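In: Quick one, what's the 3D model for this:
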Amino acid sequence: MAQKTTNEILAIAKKARLAAAFLTTLSSETKNNVLRAMSESLLSHAETILEANKKDIASAKKEGLSKAFIERMTLTDKRIQEMADSLLAVINLPDPVGEVMKAWRRPNGLWIHKVRTPIGVIAIIYESRPNVTSDCAALCFKSGNAVILRGGSETLASNCAIYTILKGVLNQFHIPDGAISLVATKDRKAVDQLLQLQEYIDLVMPRGGEGLIKHVVEHSRIPVIKHYKGICHVYVDESADVKMAQEICFNAKVQRPGVCNAMECMLVHYAVAPRFLPTMIKKFKKAGVEIRGCPITRKIVKNVRRATEQDYRTEYLDLILSVKVVKNMDEAIQHINTYGSHHSDTIVSEQYQNSLDFLKRVDSACVYVNASTRFTDGNQFGLGAEIGISTDKLHARGPMALEELTTYKYMIFGNGQVRT
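Out: Sure, this is the predicted structure:
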C-alpha cells in the first residue's frame, strides 16, 4: 500500500485515540443534544444522501451485483427517516457510562465499585448497508467511544455523504473530528493497516460476508467481536399451529431475504410435513423462492431441487431456502447446532415443554418460540440502533447496543487503608 495511505490510516487512528479521551468528559445531556442535531441534519440533507446513493446503485448494477445485494444498499426517504429515528431512539436510552454495576464494602473499610466505562476506540468494518454508518456512529458516540468506520466500497459515496453530515454536527459542538472517522478509500489494504494498530484501537468489529470476517480474524492484532453469517432456522414442531407456522416461515424468509436474520433453512417434523409442506412451498414459490429440499421433502412436493450438504451451511441472503424433514425435535436441534451459525433460531410449537427444551438446548445468540427470526435487531429489542449481531460468546452476544459497547473498571474509595 502506498505510504501516503498508510500515513493517512495512522493519522486517523491517532486522532481517534485523542478524541476517545475527550469523549469521557461529555455529559449525557451534551451527547443527546449532538445526536438530536445529527438526526435533524440527516433529514435536512436527505436529498444529498439519496443522490450519492444513486451513484452507488448505478455502479452496482453496472458491476452486475445481485438484486438482494442492491436492495441492502438502497436508501429511500423512508430508510433515511428510519436512520434519523434510530438516532432519536438512542437518545431515549439510558447512558451506560458511569453506571455502578455493583458496589460493596470490605471488612477493612474499602468501598469497591464496579463501574461501566467506554471501551475506547472501536473500528467497525462493514459491507452493503449505508445506514450502518449512522447507527454505529450514534451508538459509539453515546457510549463514549471514538469510532473508525470502514464501509464497503460499493456504498462509498453514500457512506461519505452520511459521514460528512455527521462530521458537520460534531464541528458545530466543537467535538474533535476523531470522535467519528471514516476510512474513505476502496483500497482493501487499508483494512489490513487498521488491523495492525493495536496501540490506538481497542476493538474491531467486522460485519458482513464470511470472507470479510475470516480475513479480519486472521489478520487482526486487535481483539475482534465477530458478527458472523446468519444461517437462521425455523423448526415447525409436530404440535405447531399450521397457519401460524406458515406466517412465521413466510415472514422469516420473504419479508427481507438479504439480511442476516432471515431464515435460510426450514426444518419440519415428519408428522406435520404432509399437510404443511405442499401449501407452504406453493406460497414460497409464488413469492419467487427457490426451494432446495431433502429426499422426503421432494417426495411430498414435486419439482423441488435436491438440497446438498453445502446448502445447509450456506447463508443465501436471497430468495433461496433449504428444507429438511426431521423425525423429531432432537434431530432438529442437532441439525441447528451442527449447521447453524449461532445467530437466531425459532421453534413453532404448542407444546410448552418442547419450547422450553428448544430454548435451553439450541446454542444460538437469540432463540425464539412462535416468532419470526426477523426480530433479532437492536431496534426491535428496544435497544435503539445496533452495531450488529454478535455470534461470539465473549464479551457480548446477540444485538450489540450501548451496554455491549462498554467495559468496566473498579473504583475504590478508602480512608488511609494500607495492606499488611
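In: buried set for the helix or strand in which V191 is found?
Out: Assigned by DSSP states H and E, V191 belongs to helix 189-194. If you call a residue buried by 16 or more other C-beta atoms under 10 Å, then helix 189-194 has these buried ones: A190, V191, Q193, L194. (Each C-beta comes from the backbone N, C-alpha and C, glycine too.)
In: And stretch 90-101, by the same measure?
Out: Within stretch 90-101, the residues scored as buried using 16+ other C-beta under 10 Å are V90, I91, L93, D95, P96, V97.
In: What does the last one show for phi and psi?
Out: Recorded main-chain torsions at V97 are phi -70, psi 130, according to degrees, to the nearest 10.
In: Can you show me the helices along the stretch 1-150 of the chain?
Out: Assignment of helices within the stretch 1-150 of the chain using DSSP state H, counting those that start in this stretch yields the ranges 3-23, 28-44, 46-62, 67-73, 77-91, 131-142.
In: Buried deepest among these, which one?
Out: Sort those by mean neighbour count, taking mean count of other C-beta atoms under 10 Å, and helix 131-142 sits at the top with a mean of 26.
In: Tell me how far it lies from the chain's centre.
Out: What separates the centre of helix 131-142 from the centre of its chain is 12 Å, taken as C-alpha atoms, centre = their mean, to the nearest Å.
In: and that helix, what does it pack onto?
Out: Here helix 131-142 touches helix 28-44, helix 77-91, strand 121-126, strand 146-150, helix 156-172, strand 180-182, going by 3 or more C-beta pairs under 8 Å, 6 or more residues apart in numbering; DSSP states H and E.
In: ok, now with 7 Å
Out: For helix 131-142, the packing partners by 3 or more C-beta pairs under 7 Å, 6 or more residues apart in numbering; DSSP states H and E come out as helix 28-44, helix 77-91, strand 121-126, strand 146-150, helix 156-172.
In: List the residues that contact the nearest residue to L359 once chain neighbours are set aside.
Out: Nearest residue to L359 in three dimensions, chain neighbours excluded: V367, at 5.1 Å (C-beta to C-beta, 6 or more residues apart in numbering). Going by C-beta atoms under 7 Å, 6 or more residues apart in numbering, V367 touches D345, F358, L359.
In: Just the ones in strands from those, please.
Out: Using DSSP state E to define strands, the subset of the contacts of V367 located there is D345.
In: In ChimeraX, select just the buried ones from the contacts of V367.
Out: Restricted to buried positions by 16+ other C-beta under 10 Å, the ChimeraX selection for these reads:
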select :345,358
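In: Show me which of the contacts of V367 is closest to E154.
Out: For those, the minimum distance to E154 (C-beta to C-beta) is 29.5 Å, reached by D345.
In: circling back to that earlier point, export the helices of the stretch 1-150 of the chain as CSV, with columns for mean pLDDT and distance to I125.
Out: As requested, these are arranged in CSV below (pLDDT from 0 to 100; distance: least, C-beta to C-beta, whole Å):
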stretch, mean pLDDT, distance to I125
helix 3-23, 91, 13
helix 28-44, 98, 22
helix 46-62, 97, 18
helix 67-73, 86, 16
helix 77-91, 94, 20
helix 131-142, 95, 10
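In: Please identify which of those helices is closest to W111.
Out: Going by C-beta to C-beta, the one of the helices of the stretch 1-150 of the chain nearest W111 is helix 28-44, 23.8 Å.
In: when you compare where that closest one runs with where helix 131-142 runs, what's the angle?
Out: Angle of helix 28-44 versus helix 131-142, following axes from the mean of the first three to the mean of the last three C-alpha atoms, to 10 degrees, is 160 degrees.
In: Could you tell me how far the residue nearest to L359 is located from R397?
Out: V367 sits 11 Å away from R397 when distances are taken as C-beta to C-beta, to the nearest Å.
In: go on, K62?
Out: From K62 over to R397 the distance is 39 Å, taken as C-beta to C-beta.
In: what's the answer for V272, then?
Out: Taken as C-beta to C-beta, the span from V272 to R397 is 31 Å.
In: Could you do A307 as well?
Out: 29 Å.
In: swap in L43?
Out: Relative to R397, and taking C-beta to C-beta, L43 is found at 33 Å.
In: cool, N379 as well?
Out: 18 Å.
In: Kindly report the same for Y235.
Out: 21 Å.
In: higher neighbour count, those two?
Out: The neighbour count for Y235 versus R397, taken as other C-beta atoms under 10 Å, is higher for Y235 (27 against 17).
In: who touches the lowest-mean-pLDDT helix or strand in the chain?
Out: Every helix and strand of the chain was ranked by mean pLDDT, DSSP states H and E. The lowest is helix 67-73, at a mean of 86. The contact list for helix 67-73 (C-beta under 7 Å, 6+ apart) reads 56-57, 60-61, 128-130, 154-155, 257-258, 317-318.
In: just how off-centre is that helix within its chain?
Out: Taking C-alpha atoms, centre = their mean, one finds helix 67-73 lying 17 Å from the centre of the chain it belongs to.
In: same check, this time on stretch 412-420
Out: On C-alpha atoms, centre = their mean, the centre of stretch 412-420 falls 44 Å from that of its chain.
In: avg pLDDT for that stretch?
Out: Per-residue pLDDT values over stretch 412-420 give a mean of 96.
In: Show me what that stretch is in contact with.
Out: N108, G109, L110, W111, I112.
In: want to throw the helices of the stretch 1-150 of the chain into a markdown table with distance to L267?
Out: Shown next, in a markdown table, are these (distance: least, C-beta to C-beta, whole Å):
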| stretch | distance to L267 |
| --- | --- |
| helix 3-23 | 44 |
| helix 28-44 | 41 |
| helix 46-62 | 34 |
| helix 67-73 | 23 |
| helix 77-91 | 32 |
| helix 131-142 | 31 |
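In: between the ones you listed, which gets nearest to K226?
Out: The minimum distance between K226 and the helices of the stretch 1-150 of the chain falls on helix 131-142, with 15.6 Å, by C-beta to C-beta.
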